[in-house]
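**Q** here is my input, please return the structure:
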Amino acid sequence: MLSAAQAPLYEIKANLFKALAHPARIRILELLAAAPDTTAPVSFLLAETGLEASHLSQHLATLRRHKVVTSVRTANAVTYRLAHPKIAELLSISRTFLLDNLADSNEQLRLAQELPSAHLSGPAL
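**A** Numbers count the residues shown, from 1 in each chain. Reported below is the predicted structural model:
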């Protein structure tokens, strides 16, 4: 059982994963991680994600609220960056995890295709 002191720490960690729990937000973070200095203007994120401005704004607000990204306004332009360099590392680890899982699935598919086919007796359906 969690102690009263531990519960808020797990809630913070869970909120991090909630912030990551949407494909568009993962794409935004990957774009920021790949950008020079992990910084990109909203115009770049709009063009690369293909999201409507309102949807991009909502996703960025979620990422800001959970302290995954930070923003800087200069005149009319807003630039976003990863709040911590370890976020890029987290994305890299998740990509490795994904590729490993896909490799396992491909291996299982290959093995399944090598199984002898079942010959059914009786009338064809």
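**Q** where does the chain dip in pLDDT?
**A** Counting by pLDDT under 70, the chain shows low-confidence ranges at 117-125.
**Q** show me where it has its helices.
**A** Assignment of helices within the chain using DSSP state H yields the ranges 7-20, 23-34, 42-49, 53-65, 86-113.
**Q** among those helices, which is nearest Ala75?
**A** For the helices of the chain, the distance to Ala75 is smallest for helix 42-49, at 12.8 Å, taking Cβ to Cβ. Using the backbone N, CA and C atoms, a C-beta is placed for each residue, glycine as well.
**Q** what residues sit buried inside that closest one?
**A** Within helix 42-49, the residues that count as buried by 16 or more other Cβ atoms under 10 Å are 42, 45, 49.
**Q** returning to what we had before: with distance to Asn76 added, can I get the helices of the chain in a markdown table?
**A** Output for the helices of the chain, formatted as a markdown table (distance: least, Cβ to Cβ, whole Å):
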| stretch | distance to Asn76 |
| --- | --- |
| helix 7-20 | 27 |
| helix 23-34 | 20 |
| helix 42-49 | 10 |
| helix 53-65 | 14 |
| helix 86-113 | 27 |
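**Q** which of those helices sits most buried?
**A** Stretch with highest mean neighbour count among these: helix 23-34 (a mean of 18; mean count of other Cβ atoms under 10 Å).
**Q** contacting residues for the nearest residue to Val42 once chain neighbours are set aside?
**A** Excluding the flanking residues, the one nearest Val42 by Cβ to Cβ, 6 or more residues apart in numbering is Val78, at 5.0 Å. For Val78, the contact set (Cβ atoms under 8 Å, 6 or more residues apart in numbering) comprises 41-42, 71-72.
**Q** between these, which sits nearest Phe17?
**A** Ser71 (21.4 Å).
**Q** please name the bridge partners of the closest one.
**A** On the basis of DSSP bridges, Ser71 is bridged to Tyr80.
**Q** and it, how far is that from His22?
**A** The gap separating Ser71 from His22 is 18 Å, by Cβ to Cβ, to the nearest Å.
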